[in-house]
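> quick one: sequence and predicted model below, then my questions.
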Amino acid sequence: MPRRIVAGIQSVGHRVIDSIWRLGYASRFFLLTLIKSGTSLRRFTLVIRELYFTGVQSLIIILVSGLFVGMVLGLQGFETLQRYGAESAVGTMVALSLLRELGPVVSALLFASRAGSAITAEIGLMKATEQLAAMEMMAVDPIARVVAPRFWAGVISMPLLAALFSAIGVYGGYLVAVVLIGVDEGSFWSQMQSAVDFRYDVVNGIIKTCVFGIAVTAIAVFEGYDAAPTAEGVSGATTRTVVTSSLAILGLDFILTSFMFRGMG
Amino acid sequence: MVSESLIEIEGLNFSYGQRPVLKGIDMTMERGKVIAIMGGSGSGKTTLLRLIGGAVRPTSGYVKVAGEVVHKLKRDELFRMRRKMSMLFQFGALFTDLSVFDNVAFQMREHTDLPESMIRDLVLMKLQAVGLRGAHELMPAQLSGGMARRVALARSIALDPLLIMYDEPFTGLDPISLTVIGNLIRRLTDALGMTSIVVTHDVQESLKIVDYVYFIADGVIAAHGTPDEVRRSVAPFVHQFVHGEEDGPVSFHYPARPYAQDLKLEGSFA
């Protein structure tokens, strides 16, 4: 019995040490990516190419989801607000929900599943098919040539995608509340205009999306680079990217929100 | 004066954790030759290539390439040395997101400031050397295994290296592609004045094209010599390997307890 307990404690200890070791490795990898970003910034075409894959190809899912989220917000907002006779504030509700929370968070979750998983799978497969080793043997650093451009492309495209998500979401809310239900158009837009503060709502939303962009892409490139070079390894890494990024987004969102909107009306 | 030998290996030991892979290897490889390293699967051949390329560090001993001890080089010095060497991976390791043309142009664009028009001419020349000029617009997914290997070969000679290492270049090829790759290795080595190291277990094909052969078994050099010496060798390991015999110094059976004991037959006839 005592032997079992010792073995249990040992196994917990191993797991903790492994996790800390992996966290340290990931942090080192992240720093290396930043240090070796010179090539990406000098040869910006490398980043532009990746922007197409991570940004442009994520557009459809972001736009369609944004539209539907905005439409649902319009419906639910109207339904709740009309109980208090405040249905003209539905524009404010839609815009604030999207800019502060749903825009950054939902678009980041979609980005993690669409682009993050693709980045991990691509880098993982490049490793499994010895493409990264071949690059090393050609005296080309894979972190500078493969990882850094994908990282920067993710960091750049995330805020842009979230902005488009929020914009089309607001339009979705307008479609439902004004065009479909018949809320007054003037009060829809004017209340939104007066209630949305650029500094607190828009800028804070942008800061969130930048943080999410860095987190999701850093996790995606690390998981790909660290994947075991087998089919099973790559599939496991892709799953870990989606799970870890989603948890990171939600955790970071809570921390950021608690700092940004503390004590605000 | 330029030394005759491009690679000198002395007292080389390497272990993965507690498991020794190479045990006291000594080798000398002359410039301009095609050298084969043969041995069974898991005998440490590919590890030896990785040690020459500086991808892993030896436990003890050293590898010298063109007079420089590889594991003592700093990262930028190692990268500078790697520009003089190339490696052809087992399945080509072509960059799947780049076309054949861009694969061959990759190192030129990364390491030189050559104008695009000159890169185009050079790439087409390299592809012509492997007979695939007409395929320069294709993507790697559109190539057969043999063609991919030839494109990888064109890519590895892109910057006219001093040394090319081939990791199992004949694996999984049909007889025609096999002969084509074998002849290309020999022809390109002679034409470009390079040195080639071919890691393989394809005895018949490689004996036709190489100048010298090393056999590695259990992490040590079991035998070495010219192809003729190898063919005539009566050393049990070499004989078994060259003639593909089922049993010999390399046993057919994995070490196990006595058969009767496993079948629980002991004492049943008593």
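Structure's in. What do you need? The structure displayed is predicted, hence computed values, not measured ones.

> around chain B, which positions in the stretch 51-200 of chain A sit nearby?
When proximity is defined as C-beta under 8 Å from any C-beta of the partner chain, the stretch 51-200 of chain A approaches chain B at A:122, A:125-126, A:129-131, A:133-141, A:145. (Glycine included, C-beta is placed from N, CA and C.)

> ok, those residues vs residue B:165, which is closest?
Nearest to residue B:165 among these: residue A:137, at 8.4 Å, using C-beta to C-beta.

> wait, the closest one sits on residue B:84?
No - Residue A:137 is not in contact with residue B:84 according to C-beta atoms under 8 Å; the separation is 11.6 Å.

> quick one on the thing from earlier: are any of the residues of the stretch 51-200 of chain A next to chain B buried, and which?
Neighbour-count burial (16 or more other C-beta atoms under 10 Å in any protein chain shown) is assigned, among those, to A:122, A:125-126, A:129-131, A:133-141, A:145.

> give me the most central residue, chain A.
residue A:108 (2.7 Å; C-alpha atoms, centre = their mean).

> ok, now how distant is the closest residue to it other than its chain neighbours from chain B?
With C-beta to C-beta, 6 or more residues apart in numbering or on different chains as the criterion, residue A:108 has its nearest non-adjacent residue at 3.8 Å, and that residue is residue A:212. From residue A:212 across to chain B, the span is 26 Å (C-beta to the nearest C-beta, to the nearest Å).

> so residue A:212: helix, strand or coil?
The local conformation at residue A:212, judged by DSSP: H, G, I helix; E, B strand; the rest coil, is helix.

> contact partners of the lowest-mean-pLDDT helix or strand in chain A?
Taking mean pLDDT, DSSP states H and E as the measure, chain A has helix A:38-42 as its least confident helix or strand, at a mean of 85. With contacts defined as C-beta atoms under 8 Å, 6 or more residues apart in numbering or on different chains, helix A:38-42 is touched by A:46-47, A:144-145, A:148-149, A:151-152.

> in this structure residue B:160 contacts residue B:192, no?
Yes - Residue B:160 is in contact with residue B:192 according to C-beta under 8 Å; the separation is 5.9 Å.

> tell me which of these two has more neighbours.
Shown here are residue B:160 and residue B:192; by other C-beta atoms under 10 Å in any protein chain shown, residue B:192 has more neighbours (15 against 12).

> got the contact list for residue B:87?
A:134, A:137, B:49, B:53, B:156, B:164-167.

> all helices for the stretch 51-200 of chain A, in order.
Taking DSSP state H, counting those that start in this stretch as the criterion, the stretch 51-200 of chain A carries its helices at A:59-81, A:90-96, A:103-111, A:117-128, A:131-137, A:142, A:148-174, A:185-195.

> could those be laid out in a markdown table, adding mean pLDDT?
Formatted as a markdown table, those follow (pLDDT from 0 to 100):
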| stretch | mean pLDDT |
| --- | --- |
| helix A:59-81 | 94 |
| helix A:90-96 | 92 |
| helix A:103-111 | 96 |
| helix A:117-128 | 95 |
| helix A:131-137 | 91 |
| helix A:142 | 93 |
| helix A:148-174 | 95 |
| helix A:185-195 | 91 |
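
> show me the contacts of residue B:87 that map onto helices.
A:134, A:137, B:49, B:156 (DSSP state H).

> and which of these is nearest residue B:212?
For the ones in helices among the contacts of residue B:87, the nearest to residue B:212 is residue B:49 (16.0 Å; C-beta to C-beta).

> which residues touch the closest one?
Neighbouring residues of residue B:49 by C-beta under 8 Å, 6+ apart: B:37, B:87, B:165, B:167, B:197, B:199.

> doesn't residue A:220 make contact with residue A:124?
No - counting by C-beta under 8 Å, residue A:124 stays clear of residue A:220, with 10.1 Å between them.
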